[in-house]
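Q: give the three-dimensional model of this entry:
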Amino acid sequence: MIASSRLILREMIATDAPFILELLNDGDFYRYIGDRGIRTLEQAQEYIQQGPAVSYARYGHGLYLVERKEDGASLGICGLIKRDTLAQVDIGYAFLPQYRGQGYAIEAAQAALADGKSRLGIGQVVAIVTPGNERSIGLLAKLGLVRSRLVKLSEDADECLLLEQ
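A: Residues are numbered from 1 along each chain as shown. The predicted structure follows:
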């Protein structure tokens, strides 16, 4: 668990499936991150078990559920991700529309980066963003990441913008 002044970042568990189902089916998630094909609670549980849970076990980090301390509301996901297609660990995040623009994403990202550095010794991180996602690019700039180049994570993937520290 990672804590900041207003937030708790914790490992996702199967009972988080309703929230994950909602988040992964948000229009902006589709537009800027992609359609993960998650349409049922069972698929959301599988997503948690085969994605974040595997990452926690293998690397000691992954995408965490972001909760607000004051009321336990699930706001989004944020964390460090190790992809086979990138040399460095990257930071990722997504929040439900009603929690955007309130500083939660930057607070969660700063906490995840600090944990990665202090607990795991992760120095440099990168980020990948859909070109045109200016809000995300702006947030990453506040974290010290700058536009580097366009990359493709696989042969059939769309190009994304790589940002580096």
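Q: and the strand or helix carrying Leu162, which strands flank it?
A: Leu162 is located in strand 160-164, with elements delineated by DSSP states H and E. Applying DSSP bridges to the sheet, strand 160-164 is found paired with strand 125-129 (antiparallel), strand 146-151 (antiparallel).
Q: what comes into contact with that strand?
A: 88, 124, 126-131, 137, 140, 145-153 (Cβ atoms under 8 Å, 6 or more residues apart in numbering). Just so you know, the C-beta spots here come from the backbone N, C-alpha and C atoms, and that holds for glycine as well.
Q: ok, the closest residue to Ile38 other than its chain neighbours to Glu11 distance?
A: Excluding the flanking residues, the one nearest Ile38 by Cβ to Cβ, 6 or more residues apart in numbering is Leu24, at 4.6 Å. With distances taken as Cβ to Cβ, to the nearest Å, Leu24 is found 17 Å from Glu11.
Q: pick the most buried one from the strands paired with strand 160-164.
A: When you average the neighbours per residue for each of the strands paired with strand 160-164 (mean count of other Cβ atoms under 10 Å), strand 125-129 leads with a mean of 22.
Q: just the C-alphas of that one, formatted as PDB.
A: Taking Å, rounded to 0.1, in the frame of the first residue of the first chain, the C-alpha atoms of strand 125-129 are listed here in PDB:
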ATOM      1  CA  VAL A 125      10.700   5.900 -15.900                       C
ATOM      2  CA  VAL A 126       9.000   6.600 -19.200                       C
ATOM      3  CA  ALA A 127       5.400   7.100 -20.200                       C
ATOM      4  CA  ILE A 128       3.500   6.300 -23.400                       C
ATOM      5  CA  VAL A 129       0.600   8.400 -24.500                       C
END
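Q: pretty sure the residue nearest to Ile38 contacts Thr40?
A: No - counting by Cβ atoms under 8 Å, Leu24 does not reach Thr40; the two are 11.3 Å apart.
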